[in-house]
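Chemist: How does the following fold in three dimensions:
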Amino acid sequence: MGAYADAFRRSIEDPTGFWAEAAQAVDWTRAPTTVLDDSRAPFVRWFPDGELNTCHNALDRHVDGGRGDQTALIYDSPMTGRQARFTYAELRDQVARFGGVLRSLGVEKGDRVVIYMPMVPEAVVAMLACARIGAVHSVVFGGFAPRELAARIDDAQPKVVVAASCGLEPTRVVEYKPMIAAAIEIADHKPDRCVVLQREQARAEMGPDDVDWTEAMASAEPVECVPVGANDPLYILYTSGTTGKPKGIVRDNGGHAVALLWSIRNVFGLEPGEVWWTASDVGWVVGHSYIVYAPLLLGATTILYEGKPVGTPDAGAFWRVIAEHGAVTLFTAPTVFRAIKKEDPDAKLLEQYDISKLRALFLAGERLDPDTYHWATEKSGVPVIDHWWQTETGWPICANLRGLEPMPIKAGSPSVPVPGWDVQVLDPEGNRVGPNTEGAICIKLPLPPGALPTLWNDDDRFVASYLSAYDGYYLSGDGGYVDEDGYLYVLGRTDDVINVAGHRLSTGSMEAVLAAHPAVAECAVIGVHDSLKGQVPRGFVVLKAGVDVDPEALSAELVAAVRNEIGAVAAFKRADIVPALPKTRSGKILRRTMRGIADGRDEPVPSTIEDASVLDKLRPILTKES
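Modeler: Numbers count the residues shown, from 1 in each chain. You can find the predicted model right below:
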């Protein structure tokens with residue numbers, strides 16, 4: 001690990017020197033003379049006296065550098081049958097014009113704009129237009145319930161909301177405007193105006209404070225980039241909190257640009273001009289970092305996909321997009337490949353497509369079980385790279401650095417800490433544990449550029465949520481261990497480590513056993529209350545398409561497999577076959593919600609759920625006596 005070891009050592013021993021060098025890849029209107037200000041630790045600031053504009057770095061500098069005719073964005077929508085391409089010059093012009101729209105509505109530097117849109121090019125335009133004029137965008141996943149949207153409106157206090165009239169699902173049209181109206185009615189803060197992109201699938205009824213996107217763009221005056229301080233916020237992105245109140249993750253302009261540009265080169269191995277596809281949503285951090293900002297900061301071509309891995313029209317959809325647009329890399333969630341594998345277990349549909357340009361598949365957002373890893377590796381024919389990070393961190397904490405030094409891949413591990421991230425596994429007393437010993441995964445402060453500097457208007461909650469458990473460390477909330485080679489293994493949230501009669505056991509380890517069964521497409525294991533043992537594990541499995549098995553026989557096989565692999569101490573005695581598992585829109589299985597229902601709590605339906613009917617169907621099984 002020569003190049004990696006050298007870069008990691010420099011990033012930890014000399015972070016100011018390391019990140020000063022990385023910052024040279026960014027265009028500054030005023031270059032920073034200070035790299036790190038830790039005088040207010042634990043609140044640290046990167047490049048505090050620097051000044052720049054993120055939109056200039058993502059668009060204008062590529063146009064100014066003679067690459068305006070290169071494709072910046074490919075929009076591919078099997079939901080509508082529409083495709084579109086935007087060059088860097090075209091995208092810049094659209095963004096400059098929408099910046100003019102926002103300016104005409106009174107939006108100035110530092111004002112907030114809530115964006116509530118599906119996967120359409122206008123969502124990207126709106127984000128970059130906010131960055132262009134120094135406004136702070138807060139993207140809320142299109143279709144979020146009114147009460148959740150209202151909570152974000154009250155916290156961010158936007159001057160303007162930018163929305164589409166509707167979003168599209170394979171079986172329905174989701175009208176957004178009524179939900180926005182309901183949210184504004186609930187919210188204490190009232191935005192001045194709402195800009196609405198009318199989509200033909202469901203046009204919105206316009207009110208006196210509403211502005212039509214197309215009409216406003218037709219008369220708008222384009223605006224130039226507004227320089228902002230490196231520590232001025234670029235965006236607020238809300239993530240769920242244990243109190244029920246969403247946490248507003250703040251991302252600054254300077255550290256974000258430096259970190260993302262460094263990461264897409266060194267972690268993902270992308271070069272300017274190459275086609276990159278992140279199959280996520282702009283409502284999530286993955287969409288912010290690796291659909292919009294990182295590929296455009298680099299000068300690559302990014303794909304914006306409005307569709308599903310299956311059902312639009314079939315399980316060959318992802319292979320089609322890779323082949324048709326010549327993507328060299330795909331970044332998505334493991335649940336995507338579990339869905340593809342379930343519908344097309346032999347990957348027969350792949351035979352229709354030439355994916356020879358693809359050189360790596362990156363998976364993140366949830367644990368990558370070994371069975372999915374092996375299937376994706378075999379079928380795609382390229383390295384499958386697990387990597388681990390969070391909304392809070394903004395870019396990978398641990399990864400196999402394909403652009404710096406590709407390493408041997410170990411199934412089940414996101415590989416090693418990325419330079420800048422001093423990852424340590426601690427015991428309950430805060431002591432660093434040895435190899436192969438489980439504990440809390442923490443990051444030694446200071447966090448590198450691009451990580452959250454605080455929560456929006458809530459420094460106290462930032463400290464309480466992330467910095468109070470262990471002095472001098474950021475608490476990731478995940479548990480795991482580091483092996484003798486320095487590879488990290490993330491076993492799940494620390495509250496997913498269950499205690500069975502005094503034995504701490506990882507539900508992730510049990511899930512790996514269940515997922516290895518040839519009949520299982522995906523699975524979840526939760527710990528439920530038991531009067532004798534404290535907690536016992538329960539398994540839930542979804543079968544692969546076309547599999548016909550006796551439920552009792554399969555359950556017995558799975559129980560025997562866990563007993564054989566984990567041991568009788570796991571007390572694993574039950575695995576239920578279910579038609580589907582409840583998930584968030586980003587593909588994470590709602591294990592905490594399942595656990596609460598199984599324990600008899602009146603668990604509310606999370607606002608992030610993809611399909612509430614799945615949870616409704618699962619409730620009777622969850623509440624059945626063990």
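
Chemist: gap between the closest residue to Ile577 other than its chain neighbours and Ala575?
Modeler: In space, and not counting its chain neighbours, Ile577 is closest to Pro551: 5.0 Å by Cβ to Cβ, 6 or more residues apart in numbering. Yep, even glycine has a C-beta here, placed from its N, CA and C like the rest. Applying Cβ to Cβ, to the nearest Å, the value for Pro551 to Ala575 is 9 Å.

Chemist: quick one: which of these two has more around it?
Modeler: In this view Pro551 and Ala575 are compared by other Cβ atoms under 10 Å, and Ala575 has more residues nearby, 26 against 12.

Chemist: isn't Asn319 right up against Ser356?
Modeler: Quick fix: residue 319 reads Trp, not Asn. No. Trp319 is not in contact with Ser356 according to Cβ atoms under 8 Å; the separation is 11.7 Å.

Chemist: more neighbours, those two?
Modeler: Taking neighbours as other Cβ under 10 Å, Trp319 and Ser356 compare with Trp319 leading, 24 against 11.

Chemist: Can you give me the buried ones in stretch 520-535?
Modeler: For stretch 520-535, the neighbour count (16 or more other Cβ atoms under 10 Å) marks Val520, Ala521, Glu522, Cys523, Ala524, Val525, Ile526, Gly527, Val528, Asp530, Lys533, Gln535 as buried.

Chemist: Pipe these into a markdown table and attach distance to Leu296 and secondary structure per row.
Modeler: Shown next, in a markdown table, are the buried residues of stretch 520-535 (distance: Cβ to Cβ, whole Å; DSSP: H, G, I helix; E, B strand; the rest coil):
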| residue | distance to Leu296 | secondary structure |
| --- | --- | --- |
| Val520 | 39 | strand |
| Ala521 | 35 | strand |
| Glu522 | 33 | strand |
| Cys523 | 37 | strand |
| Ala524 | 36 | strand |
| Val525 | 40 | strand |
| Ile526 | 40 | strand |
| Gly527 | 43 | strand |
| Val528 | 46 | strand |
| Asp530 | 51 | strand |
| Lys533 | 52 | coil |
| Gln535 | 46 | strand |
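
Chemist: Could you confirm Asp6 falls within a strand?
Modeler: No. Counting by DSSP: H, G, I helix; E, B strand; the rest coil, Asp6 is located in no strand; its state is helix.

Chemist: ok, then the element right after the longest helix belonging to the chain?
Modeler: Ranked by residue count, the top helix of the chain under DSSP state H comes out as helix 88-104. Per DSSP states H and E, the first helix or strand lying C-terminal to helix 88-104 is strand 112-116.

Chemist: other SSEs contacting the helix or strand just after that next one?
Modeler: Scanning forward in sequence from strand 112-116 by DSSP H and E, the next helix or strand is helix 121-133. Applying 3 or more Cβ pairs under 8 Å, 6 or more residues apart in numbering; DSSP states H and E, one finds that helix 121-133 makes contact with helix 54-55, strand 71-77, helix 88-104, strand 112-116, strand 136-139, strand 160-164, strand 233-239.

Chemist: before we move on, the earlier item: which residues are contacting the longest helix of the chain?
Modeler: 55, 59-60, 62-63, 67-73, 86, 113, 121-122, 124-126, 128-130, 132-133, 135, 160, 195, 211, 213, 216-217, 220-224, 299 (Cβ atoms under 8 Å, 6 or more residues apart in numbering).

Chemist: what's the angle between that helix and strand 71-77?
Modeler: 80 degrees (axes from the mean of the first three to the mean of the last three Cα atoms, to 10 degrees).

Chemist: in helix 88-104, what's buried?
Modeler: Neighbour-count burial for helix 88-104 [16+ other Cβ under 10 Å]: 88-103.

Chemist: What of stretch 335-352?
Modeler: Applying 16+ other Cβ under 10 Å to stretch 335-352 flags 335-345, 347, 349-350 as buried.

Chemist: same deal with stretch 566-585?
Modeler: Going by 16+ other Cβ under 10 Å, stretch 566-585 has these buried residues: 566, 570-572, 574-575, 577-578, 580-585.

Chemist: Can you report the mean pLDDT over the residues of that stretch?
Modeler: Here stretch 566-585 scores 89 as its mean pLDDT.

Chemist: Repeat that for stretch 619-626.
Modeler: Stretch 619-626 shows a mean pLDDT of 81.

Chemist: Give me the pLDDT for Gly502.
Modeler: 68.

Chemist: do the same with the one 10 residues further on
Modeler: According to the predicted model, the pLDDT of Ala512 comes to 88.

Chemist: Just name whatever secondary elements the one helix or strand it maps to is in contact with.
Modeler: Using DSSP H and E, Ala512 falls within helix 507-515. The helices and strands touching helix 507-515, judged by 3+ Cβ pairs under 8 Å, 6+ apart, are helix 370-380, strand 488-493, strand 520-530, strand 534-543, helix 551-565.

Chemist: and the angle for the longest one with strand 534-543?
Modeler: Our comparison of helix 551-565 with strand 534-543, counting by the same axes, to 10 degrees, yields an angle of 120 degrees.

Chemist: next structured bit after helix 551-565?
Modeler: Next in line after helix 551-565, if elements are assigned by DSSP H and E, sits strand 575-577.

Chemist: Strand partners (parallel or antiparallel) of that next one?
Modeler: strand 534-543 (parallel) (DSSP bridges).

Chemist: buried ones in the partner strand?
Modeler: Using 16+ other Cβ under 10 Å as the burial criterion, the residues of strand 534-543 that qualify are Gln535, Val536, Pro537, Arg538, Gly539, Phe540, Val541, Val542, Leu543.

Chemist: Can you tell me which of those is closest to Gln424?
Modeler: For those, the residue nearest Gln424 by Cβ to Cβ is Gln535; the value is 27.3 Å.

Chemist: ok, what's across the strand from that closest one?
Modeler: Counting by DSSP bridges, Gln535 is bridged to His529.

Chemist: doesn't His503 make contact with it?
Modeler: No. Applying Cβ under 8 Å, one finds Gln535 not in contact with His503, separated by 9.9 Å.

Chemist: in this protein, which helix or strand is least confident?
Modeler: Least confident helix or strand of the chain, by mean pLDDT, DSSP states H and E, is strand 503-506 with a mean of 75.

Chemist: Name the SS class of the residue lying farthest from the centre of the chain, please.
Modeler: Residue farthest from the centre of the chain, counting by Cα atoms, centre = their mean, is Leu532 at 38.7 Å. Here Leu532 is recorded as coil under three-state DSSP.

Chemist: how close does the nearest residue to it once chain neighbours are set aside get to Gly527?
Modeler: Excluding the flanking residues, the one nearest Leu532 by Cβ to Cβ, 6+ apart is Ala501, at 7.7 Å. According to Cβ to Cβ, Ala501 and Gly527 sit 12 Å apart.

Chemist: List the residues that contact Glu557.
Modeler: Glu557 touches His517, counting by Cβ under 8 Å, 6+ apart.

Chemist: ok, now Ala512?
Modeler: Contacts of Ala512 by Cβ under 8 Å, 6+ apart are Asp369, Pro370, Asp371, Gly412.

Chemist: What about the third one, how many residues nearby?
Modeler: Here the neighbour count serves as a burial measure; for Asp371 (other Cβ under 10 Å) it reads 23.

Chemist: how far away is it from Val513?
Modeler: Separation of Asp371 from Val513 (Cβ to Cβ) stands at 10 Å.

Chemist: Nearest residue to Asp369 in space, please, no chain neighbours.
Modeler: Per Cβ to Cβ, 6+ apart, closest to Asp369 is Ala515, 4.1 Å.

Chemist: How about Ser413?
Modeler: Counting by Cβ to Cβ, 6+ apart, the residue nearest Ser413 is Tyr487, at 4.4 Å.

Chemist: how many neighbours does that neighbour have?
Modeler: Counted with other Cβ under 10 Å, Tyr487 comes out at 21.

Chemist: Mind pulling up the pLDDT for the closest residue to Ala279 other than its chain neighbours?
Modeler: Excluding the flanking residues, the one nearest Ala279 by Cβ to Cβ, 6+ apart is Thr332, at 4.0 Å. For Thr332, the pLDDT comes out at 95.

Chemist: Remind me which helix or strand the most centrally placed residue in the chain belongs to.
Modeler: Nearest to the mean C-alpha position of the chain, counting by Cα atoms, centre = their mean, stands Val286 at 3.4 Å. Using DSSP H and E, Val286 sits in helix 285-287.
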